[in-house]
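Trainee: need coordinates for the below:
(one chain, ligands or ions: 1)
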Amino acid sequence: MTNIWDRLAEHRSAQGALRIEALFDADPNRAESCSTAADGLVLDWSKTAIDAKARDLLLELAQPVAARRDAMFAGDRINETEDRAVLHTALRNLQGSVTVDGRDVMPDVRETHARMRDFATRVRNGGFAGQGGKITDVVNIGIGGSDLGPAMAARALSPWHDGPRVHFVSNVDGADIADTLKALDPATTLVIVASKTFTTIETMTNAATARDWMATSVTTPAAQFAALSSAQGKTAQWGIDADRVFGFEDWVGGRYSMWGPIGLSLMIAIGPDAFEDFLAGGLAMDTHFRNAPADRNLPIILALVGIWHHQVCGYGTRAVLPYDNRLARLPAYLQQLEMESNGKRVAMDGSDLTIPSGPVIWGEPGTNGQHAFYQLIHQGTAIIPCEFMIAARGHEPHLAHHHLLLIANCLAQSEALMRGRSLDEARALMQAKGLAGAELDRQARHRVFPGNRPSTTLVMQELSPFVLGQIVALYEHRVFVEGAILGINSFDQWGVELGKELALKVAPLLDGGATPGHDPSTEHLAQLIRQMRD
Ligand SMILES: O=P(O)(O)OC[C@H]1O[C@](O)(CO)[C@@H](O)[C@@H]1O
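Mentor: Coordinates of the predicted model:
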């Protein structure tokens, strides 16, 4: 394994000043041969410096992935630090069969899905109503994996919305819930408390606030609450009727959970049939991931491109740039999926990682990002691999000219990043403006684009529930492949625990109490804030 990393590093250094464009000169079919497709979703990775040798070495690196992938789908306890299976894929394979510890888990999955379908249908058609009539608004209260997935997807699939309005509250900042609830009628609002553990302080605080708000208008607030949780005892204590509690097993990780009960708000918004199309897209990607050979396997290729850029080339961040305004929350969703999964420093066996783990993920939809941070991407000193996404068709046929411009911008950016603008070209531009001598040189230098900056482009026909399912599953498996290659556990998240524990100890300081063991800076800040507040 180490040997392949060394060989990759040697090869990268042997590439020297190689320009990506030169790879197209060497291989006239590069655009096609460096495109990988799965059920109509196409990834073009030709605008990277991955040449034939790098590709072969990366594929060698991926050889151990197949065994771990098969173990995951078989229900083995591959999440070793939490001693759990990893089976979110079962939630989208409703006809499938998978056993954990000798027990077929699918009857329960199917039963819960059927209950979700029934409840969502009744919320949508008025069979389940609020104390003031048909449900007009649904508020999903959750955070992290209990928020980001459904919030991202609800926005992405807004053309499919034909149910009640859905809103998402996640932040413990009271501004979030206050701003959301102020426009709603408690008597026609359904509140869904989404929390796997039903202990997360942000979610439980927001849920209690929502219950108080509801109590100002209706006699039985709990009757307009539903819960999505693995902790059924706690949901009962909270007074939520078991009929409206949708559970899932510990083998569904929070950030992988939108396919099951955590997707209820999405199902209510777009309807159970469209939600099942979303599941079908995820299942199609699973089938592809399990069966396609590594060199034509979309998640494996996407992961290897990521490894090439971060672990081999040393680029510290990765920009996700969907040219689709409705995918505005995708970068935030992927931040949790990728960084909570692969932001680790210890290998599965407890030893220190000797290679860097996952990169920083960030991004914004195009074209807005172009007018904000693309300056740095094009001319800054850091190289930022960009992941563009674009649909051939938009959802507004009467605005087709907008969509053409959107596509043109997307393609132009990846071209500009790769080709850049040479000093000679910049000088010619300045000459045409009448400049000469030292001033011409000075002005020209500011207009040089170094180019040779890598990007990938994911192309879809249109952003439908099926395609969104493919994209989410693609990224889940990409994270899996990267984690398997790095030898880390992508399914735990111990790194978020310490801050949670300390928040509970800091809280008394803000009320003038004393809890031992804080550093002087934290004590001082707490005191300062207390004074400013009073
Ligand atoms: O669904 P819960 O239990 O409220 O947890 C919410 C989120 O908190 C985390 O545990 C840590 O941020 C995430 O992994 C999870 O998605």
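Trainee: where along the stretch 301-450 of the chain do the strands fall?
Mentor: In the stretch 301-450 of the chain, the strands defined using DSSP state E, counting those that start in this stretch lie at 317-322, 360-363, 386-391.
Trainee: can you add distance to the ligand and mean pLDDT and give those strands back as TSV?
Mentor: (Each C-beta comes from the backbone N, C-alpha and C, glycine too.) TSV is the format used below for the strands of the stretch 301-450 of the chain (distance: least, Cβ to the nearest ligand atom, whole Å; pLDDT from 0 to 100):
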stretch	distance to the ligand	mean pLDDT
strand 317-322	19	98
strand 360-363	16	98
strand 386-391	23	98
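Trainee: distance-wise, check the residue of the stretch 301-450 of the chain found nearest the ligand relative to L474.
Mentor: Nearest residue of the stretch 301-450 of the chain to the ligand (Cβ to the nearest ligand atom) works out as E340 at 5.8 Å. E340 sits 18 Å away from L474 when distances are taken as Cβ to Cβ, to the nearest Å.
Trainee: for S257, same thing?
Mentor: 17 Å.
Trainee: N325 now?
Mentor: Separation of N325 from L474 (Cβ to Cβ) stands at 21 Å.
Trainee: the two: who's more crowded?
Mentor: More neighbours surround L474 than the other of N325 and L474, with 23 against 15 (other Cβ atoms under 10 Å).
Trainee: if we can go back for a sec, with mean neighbour count added, can I get the strands of the stretch 301-450 of the chain in CSV?
Mentor: Shown next, in CSV, are these (neighbours: other Cβ atoms under 10 Å):
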stretch, mean neighbour count
strand 317-322, 23
strand 360-363, 20
strand 386-391, 23
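Trainee: T457 sits in which helix or strand?
Mentor: strand 455-460 (DSSP states H and E).
Trainee: next structured bit after that strand?
Mentor: helix 465-486.
Trainee: angle of that next one against strand 317-322?
Mentor: Using axes from the mean of the first three to the mean of the last three Cα atoms, to 10 degrees, one finds that helix 465-486 and strand 317-322 are set 170 degrees apart in direction.
Trainee: contacts only, for R124.
Mentor: 162-164, 268, 271 (Cβ atoms under 8 Å, 6 or more residues apart in numbering).
Trainee: now list the buried members of those residues.
Mentor: Of the members of the contacts of R124, the ones counted as buried by neighbours, 16 or more other Cβ atoms under 10 Å, are 163-164, 268, 271.
Trainee: in those, find the pair that's most separated.
Mentor: P164 and G271 (11.2 Å; Cβ to Cβ).
Trainee: helices along the stretch 351-500 of the chain, start to end?
Mentor: 374-379, 400-419, 423-432, 437-446, 465-486, 497-510 (DSSP state H, counting those that start in this stretch).
Trainee: ok, of those helices, where does mean pLDDT dip lowest?
Mentor: Lowest mean pLDDT within those: helix 497-510, at a mean of 89.
Trainee: now the helix or strand hosting A66 against helix 465-486, angle please.
Mentor: Under the criterion of DSSP H and E, A66 resides in helix 65-73. Interaxial angle, helix 65-73 versus helix 465-486 (the same axes, to 10 degrees): 120 degrees.
Trainee: for stretch 230-250, buried residues please.
Mentor: 230-231, 234-235, 238, 240, 244-249.
Trainee: up against the ligand, what does the stretch 351-500 of the chain have?
Mentor: In this structure, the stretch 351-500 of the chain approaches the ligand at residues 493, 496, judged by Cβ under 6 Å from any ligand atom.
Trainee: what sits against the closest residue to the ligand within the stretch 351-500 of the chain?
Mentor: Of the residues in the stretch 351-500 of the chain, the one nearest the ligand is V496, at a distance of 4.1 Å by Cβ to the nearest ligand atom. Contacts of V496 were listed using Cβ under 8 Å, 6+ apart, and they are E340.
Trainee: mind checking pLDDT for it?
Mentor: 93.
Trainee: how far away is it from I50?
Mentor: Separation of V496 from I50 (Cβ to Cβ) stands at 33 Å.
Trainee: quick revisit: now the helix holding A66: average pLDDT?
Mentor: Across helix 65-73, the average pLDDT comes to 98.
Trainee: please save the CA atoms from that helix in CSV.
Mentor: Extracted in CSV, the C-alpha atoms of helix 65-73 (Å, rounded to 0.1, in the frame of the first residue of the first chain):
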residue,chain,number,x,y,z
VAL,A,65,-12.1,-1.4,-1.8
ALA,A,66,-14.2,-4.2,-3.3
ALA,A,67,-13.9,-6.5,-0.3
ARG,A,68,-14.9,-3.7,2.1
ARG,A,69,-17.7,-2.6,-0.2
ASP,A,70,-19.1,-6.2,-0.2
ALA,A,71,-18.8,-6.4,3.5
MET,A,72,-20.8,-3.2,3.9
PHE,A,73,-23.6,-4.4,1.6
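Trainee: name every strand pairing with the helix or strand following that helix and say which way it goes.
Mentor: Toward the C-terminus, helix 65-73 is succeeded by strand 99-100 as the next helix or strand (DSSP H and E). Partners of strand 99-100 in the sheet, by DSSP bridges, are strand 103-104 (antiparallel).
Trainee: ok, residues contacting the partner strand?
Mentor: With Cβ under 8 Å, 6+ apart, strand 103-104 has contacts from 97-98.
Trainee: neighbours of L504, how many?
Mentor: Residues near L504, counting by other Cβ under 10 Å: 10.
Trainee: what do you get for A332?
Mentor: Neighbourhood size, A332 [other Cβ under 10 Å]: 18.
Trainee: again with the one 5 residues further on
Mentor: Summarising burial for L337: neighbours were counted as other Cβ under 10 Å, giving 24.
Trainee: how about P520?
Mentor: When counting by other Cβ under 10 Å, one arrives at 7 neighbours for P520.
Trainee: any idea how far it is from the ligand?
Mentor: The gap separating P520 from the ligand is 28 Å, by Cβ to the nearest ligand atom, to the nearest Å.
Trainee: what residues are up against G512?
Mentor: Contacts for G512 (Cβ under 8 Å, 6+ apart) come out as R530.
Trainee: check the secondary structure at it for me.
Mentor: Three-state call for G512 (DSSP: H, G, I helix; E, B strand; the rest coil): coil.
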